[in-house]
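Student: Compute the structure for the input listed below.
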Amino acid sequence: MLLYLPIAEIPVDPLVIIAMGAAVGFLSGMFGVGGGFLMTPLLIFYGIPPAVAVGTEASQIVASSVSGVLAHLKRKTVDFQIGGFLVIGGAAGSGVGILIFRALRESGQVETLISVSYVVFLGIIGALMMIESARALLRAPNQKRRARKRRSPAWMAALPFAMRFRTSGLYISPIPPIILGAFVGMLAAMMGVGGGFIMVPVMLYILNMPTNVVVGTSLFQIIFVTAITTVLHAAANQTVDIVLALLLITGGVIGAQLGARAGVKLKAEHLRALLALIVLAVCARLLIDLALPPASLFILEAAS
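Tutor: Numbers count the residues shown, from 1 in each chain. Next up, the predicted model:
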């Protein structure tokens, strides 16, 4: 049975879309990422127009992130203070990203921007994840990993308005989280991602937050930033397909709950290596699509 999407203007198999949402939602709950960096390319591969894939995917990220955060709230692993400052920056960044997206769409360059951006980001992130996973897997089984010393970065504490974040045990200025949130907000608007694949490493290695708090806090800020992005895309670009969004949300909510549970039980090294392979495979597919000549050099449209 096929279902017609009114905004994307194509028929789709609803079971396939729900399964895609569940698979990416599973990764969202497990790793604390929104999943858009995988879902948006998958939607494009399926035949959804890139602009619609970016605008609609943000709504699915909201649902799967809410589901994932609920699981982390039970463990009290969400830093609402840092998350709030990330949201403030993200709201401003998403507004700027929407304006850039709209300008590029009107000039006819948005599809190229989306594909090139994904190739660059997925290539870099996938390679870094694979290197880290390989090191962890090659480490001798009896060799214990040294615990990473966690201190408040001195240069962040020296910035204005420094304050204490009790859940994370940090004393830093809120300025770096706001700037980080703004950057991720722009990515959310322009690429249809939650930004967790950048946010999580930065929170770990730059903000120096404890590992058990990072995933929940990342999902918390993703909820608000992608919700704002969804509303702005719907109002400014009319690229949010509600039927497609509902199908993705149905699968994403279920997958995120299962992913949050699985992330506690499975080995992190194996999961990171698998995710890195998936990321690199999606990157390679996008790169091939960019390199191959189009099936048709011209598109006929009715003149307005």
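
Student: buried sites along stretch 116-125?
Tutor: By neighbour count, and taking 16 or more other C-beta atoms under 10 Å as the criterion, the buried residues in stretch 116-125 are 118-119, 121-123, 125. (C-beta placed from N, C-alpha, C; glycine too.)

Student: Quick check: the two most widely separated of those?
Tutor: Using C-beta to C-beta, the pair of the buried residues of stretch 116-125 lying farthest apart is V119 and I125, separated by 11.3 Å.

Student: circling back: for the buried residues of stretch 116-125, which one is nearest L248?
Tutor: Using C-beta to C-beta as the measure, the one of the buried residues of stretch 116-125 that approaches L248 most closely is Y118, at 17.9 Å.

Student: which residues does the closest residue to the closest one other than its chain neighbours contact?
Tutor: In space, Y118 comes closest to L286 once its chain neighbours are excluded; the distance is 5.3 Å by C-beta to C-beta, 6 or more residues apart in numbering. Counting by C-beta atoms under 8 Å, 6 or more residues apart in numbering, L286 makes contact with 41, 115, 118-119, 122.

Student: L286 sits in which helix or strand?
Tutor: Assigning secondary structure by DSSP states H and E places L286 in helix 268-291.

Student: average pLDDT for that helix?
Tutor: Taken as a whole, helix 268-291 has a mean pLDDT of 75.

Student: can you give me the helices for the stretch 201-304 of the chain?
Tutor: Assigned helices in the stretch 201-304 of the chain, in chain order: 211-236, 242-265, 268-291 (criterion: DSSP state H, counting those that start in this stretch).

Student: Would you format the ones you listed as TSV with distance to S168 included?
Tutor: Compiled in TSV, the helices of the stretch 201-304 of the chain are given as follows (distance: least, C-beta to C-beta, whole Å):
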stretch	distance to S168
helix 211-236	5
helix 242-265	20
helix 268-291	20
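
Student: hey, which of these is tucked in deepest?
Tutor: Ranked by average neighbour count under the criterion mean count of other C-beta atoms under 10 Å, the helices of the stretch 201-304 of the chain are headed by helix 211-236 at a mean of 24.

Student: Just the ones in helices from the buried residues of stretch 116-125, please.
Tutor: Here DSSP state H is the test, and those give 118-119, 121-123, 125 as lying in helices.

Student: for these, which one is nearest G259?
Tutor: I125 (18.4 Å).

Student: Centre of the chain to stretch 161-175, how far?
Tutor: Counting by C-alpha atoms, centre = their mean, to the nearest Å, stretch 161-175 is centred 25 Å from the centre of its parent chain.

Student: likewise stretch 111-119?
Tutor: Distance, centroid of stretch 111-119 to centroid of chain: 15 Å (C-alpha atoms, centre = their mean).

Student: can you list contacts of that stretch?
Tutor: By C-beta under 8 Å, 6+ apart, the residues outside stretch 111-119 that reach it are 37, 40-41, 44, 50-51, 54, 104, 190-192, 282-283, 286-287, 289-290.

Student: From the ones in helices among the buried residues of stretch 116-125, pick the one nearest G68.
Tutor: Where these are concerned, and distances follow C-beta to C-beta, G68 has its nearest neighbour in I125, at 19.4 Å.

Student: Tell me the confidence at that closest one?
Tutor: Confidence at I125, expressed as pLDDT, is 76.

Student: Check whether it really touches V279, as I assumed.
Tutor: Yes. Under the criterion of C-beta atoms under 8 Å, I125 is in contact with V279, at a separation of 6.1 Å.
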